[in-house]
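Student: For reference, the sequence and a predicted model appear below.
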Amino acid sequence: MQKIKVHVVWLDNYGAGSNEVLGCVATHKTLEGVKKAYTESLGWHLEAMLADGDKIPTMLQGGYELEFELNTAAILHHFNGILTRSALSRVTGINERQLGHYATGHRNPRPAQRQKIIEGIRKIGAEFITVV
């Protein structure tokens, strides 16, 4: 079973698309909504390709699994209201103002900064798990 990487971005709404399946996109106001919308859109896209007599890409034949990868703005927007920038700043060392720029999409972090943010969110999550 092939994994299809779907990139999710935040630009006033969540948007999803894949470099592996050109022409198939979806938007929604929630993360779960855009995942569902993209999954449905891909099904319709494949049906239309078959109806038009187009060749289905090999990676989509015989089953596939969608893997959603969020950009930094989408990650930060998803956790907005759940996780404060102050808490994330403390565990990542990235100042709150810079996190705000990343959250709005005005700036894109370098890969190392993005990784710090992901690791910071995981660290905070791990601390929550220890509470009994």
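Tutor: That came in fine, so what should we check first? Numbers count the residues shown, from 1 in each chain.

Student: Give the burial count for residue 116, as a bare number.
Tutor: 17 (other C-beta atoms under 10 Å). The way it works is simple: take the backbone N, C-alpha and C, and place the C-beta from them, glycine included.

Student: Roughly how far does it sit from residue 23?
Tutor: According to C-beta to C-beta, to the nearest Å, residue 116 stands 34 Å off from residue 23.

Student: Got the domain ranges for the protein?
Tutor: As assigned by automatic domain parsing, the chain contains the domains 2-70, 72-129.

Student: and those domains as TSV, adding mean pLDDT?
Tutor: What follows is these, written out as TSV (pLDDT from 0 to 100):
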stretch	mean pLDDT
domain 2-70	92
domain 72-129	94
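
Student: Geometric centre of this protein: which residue is closest?
Tutor: The centroid of the chain falls nearest to residue 70 when counting by C-alpha atoms, centre = their mean (2.1 Å).

Student: Find the nearest non-adjacent residue to it, please.
Tutor: Leaving aside its sequence neighbours, residue 70 sits nearest to residue 8 (C-beta to C-beta, 6 or more residues apart in numbering; 4.6 Å).

Student: about what we covered before: contact partners for the residue nearest to the centre of the chain?
Tutor: Counting by C-beta atoms under 8 Å, 6 or more residues apart in numbering, residue 70 touches 8-10, 31, 78.

Student: now swap in residue 24 and tell me
Tutor: Applying C-beta under 8 Å, 6+ apart to residue 24 gives the contacts 17-18, 38, 41-42, 45.

Student: give me that answer again for 6 Å
Tutor: Residues near residue 24 by C-beta atoms under 6 Å, 6 or more residues apart in numbering: 41-42, 45.
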